[in-house]
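# Have a look; sequence and predicted model below, questions after that.
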Amino acid sequence: MFIDHAKIFVRSGNGGNGGCSFRREKFVPHGGPDGGDGGNGGSVVATASTRVTTLLDLKYRRHYEAESGAPGQKANRHGRTGADVTITVPVGTVIRHAETNELLADLVAPEQRVTVAKGGKGGKGNARFATSTNRAPRTFEDGTPGEELPLDLELKLLADVGLVGFPNAGKSTLISTLSAARPEIADYPFTTLQPHLGVVPMGEYDSFVMADIPGLIEGAHKGKGLGHQFLKHIQRTRFLLYLIDVSDWATDDPVNTLRVLQEELSAFDRTLGQRAFAVVGTKIDAQGNGQRRGEIERYCRDRQMTFFPVSSATGEGLDILRTFMVQRLREIEAA
């Protein structure tokens, strides 16, 4: 099950109290203070890992509490530091304070770590308060309390290229042909009910990651269809491919389809409307007289939009598309 949102509650450990004690040894009748400091409380730490791909585990375990520090002991022994609690999340997870919406972390790299709730500080023991005029202080400090806060976690997939299109535009077939991803493929709307990532192999250094998100419909930015719950997964992409079905059995107007897709993305996130893109005409093996392909091809040419006709079934045009994507991503990287 693909889960990309979770709300959890975290609490770091309290700092241990400082100790209050005095040396009591046989040959030291007036021993001074020897209370040690309290241990620091454990923290709650979030770490990004490639070993997990969803926030599913956090749906079932919602409370995380770190260990408190131990109190200071006699003989100037410090209390033990409380153990940290580590929450493992997928790379691409955004963490916010659930009540203030403050951004606490954006974990975009494997093994990236961030402390989301810092443990309390241990208090000073009475040995720390001895002076020349007060050799037997009974003063000590309490440890400071830990932090307690609700967190909203949201997963935004990381990919180089995002595939955008109406249901049945051929996104899942294209990503499965170009990569090792195996999304469900069938001839009915919304076959894809969750995002899929696929690595397109192009040599040791030129491979890139492609994201297939569920099909959009007009009004998606308002929550229609599968809504904007999946639009967020293309916010991090560097390049977009708009997929337009140019086969004979498609019923929608190809030019209007492209316009709607671009408008939906811009309405959801203005920066997506400014993202570098190309248009891909899919299913050209079933294009018949080519009227639909001709319409969208002319529209793109007149507006200096890059257009690629492809067929995932026969492989036609795929090598050209792959080569273009590698070159375009290099240019974006160098800019």
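Yep, that arrived.

# Give me the pLDDT value at residue 151.
pLDDT, residue 151: 98.

# So it lies in a strand, does it not?
Yes - membership of residue 151 in a strand is supported by DSSP: H, G, I helix; E, B strand; the rest coil.

# any idea how far it is from residue 108?
17 Å (CB to CB, to the nearest Å). Yep, even glycine has a C-beta here, placed from its N, CA and C like the rest.

# The two: which has the busier surroundings?
Using other CB atoms under 10 Å, the more surrounded residue of residue 151 and residue 108 is residue 151, with 24 against 14.

# List the contacts of that one.
Residues near residue 151 by CB atoms under 8 Å, 6 or more residues apart in numbering: 7-10, 95-98, 104, 116.

# go on, residue 232?
By CB under 8 Å, 6+ apart, the residues touching residue 232 are 4, 154, 156.

# give the contact list for the first one.
Contacts were defined as CB under 8 Å, 6+ apart; by that measure residue 4 touches 54-55, 154-156, 229, 232-233.

# which residues in this structure form strands?
Listed from the start of the chain, the chain has strands (DSSP state E) covering 5-11, 44-49, 63-65, 85-90, 93-97, 103-107, 113-117, 148-155, 161-165, 196-200, 208-212, 239-245, 277-282, 307-309.

# Flag every buried residue along the lengthiest helix in the chain.
Counting residues, the longest helix found in the chain (DSSP state H) is helix 318-334. With burial defined by 16 or more other CB atoms under 10 Å, the residues of helix 318-334 counted as buried are 318, 321-322, 325-326, 328-329.

# Kindly indicate which of these lies nearest residue 292.
Nearest to residue 292 among the buried residues of helix 318-334, counting by CB to CB, is residue 321 at 18.7 Å.

# Name the nearest residue to the closest one, ignoring sequence neighbours.
residue 308 (4.9 Å; CB to CB, 6 or more residues apart in numbering).

# quick one: which of the contacts of residue 232 is nearest residue 172?
Nearest to residue 172 among the contacts of residue 232 is residue 4, at 18.3 Å by CB to CB.

# Which pLDDT value belongs to that closest one?
82.

# Tally up the residues packed near residue 78, please.
For residue 78, the neighbour count with other CB under 10 Å is 20.

# How many neighbouring residues does residue 247 have?
Count around residue 247 with other CB under 10 Å applied: 18.

# isn't it right next to residue 291, touching?
No - using CB atoms under 8 Å, residue 247 makes no contact with residue 291, being 11.1 Å away.

# In contact with residue 122, which residues are there?
By CB under 8 Å, 6+ apart, the contact set of residue 122 is 15-18, 37-41, 69, 72, 78-79, 81, 143.

# Of the residues you listed, which is the most crowded?
Within the contacts of residue 122, residue 38 tops the neighbour count with 33 neighbours, counted by other CB under 10 Å.

# Give me the pLDDT for that one.
Note on residue 38: pLDDT of 98.

# now do the one 10 residues further on
Listed pLDDT for residue 48 reads 96.

# so it makes contact with residue 105?
No - proximity of residue 48 to residue 105 does not meet the contact threshold set by CB under 8 Å, at 9.0 Å.

# Identify the contacts common to the two.
By CB under 8 Å, 6+ apart, the residues touching both residue 48 and residue 105 are residue 93.

# of the contacts of residue 122, closest to residue 284?
Distances from residue 284 to these, taken by CB to CB, are shortest for residue 41, at 63.1 Å.

# any idea how far residue 13 is from that closest one?
Counting by CB to CB - residue 41 and residue 13 are separated by 3 Å.

# Overlap of the contact sets of those two?
Jointly contacting residue 41 and residue 13 under the rule CB under 8 Å, 6+ apart are 66-69, 82, 119-120, 146.

# Give me the pLDDT value at residue 173.
Looking at residue 173, its pLDDT reads 86.

# Please apply the same query to the one 5 residues further on.
The confidence metric pLDDT takes the value 88 at residue 178.

# Please apply the same query to residue 125.
pLDDT, residue 125: 97.

# Leaving out chain neighbours, which residue sits closest to it?
Distances taken as CB to CB, 6+ apart place residue 35 nearest to residue 125, at 3.4 Å, with adjacent residues excluded.

# surely that neighbour meets residue 23?
No - using CB under 8 Å as the test, residue 35 is too far from residue 23 to be in contact (10.4 Å).

# Looking at the two, which is more packed in?
For residue 35 versus residue 23, the count of surrounding residues by other CB under 10 Å is larger for residue 35: 29 against 15.

# quick one: contacts for that one?
For residue 35, the contacting residues are 18-21, 72-74, 76, 125-127, 140, by CB under 8 Å, 6+ apart.
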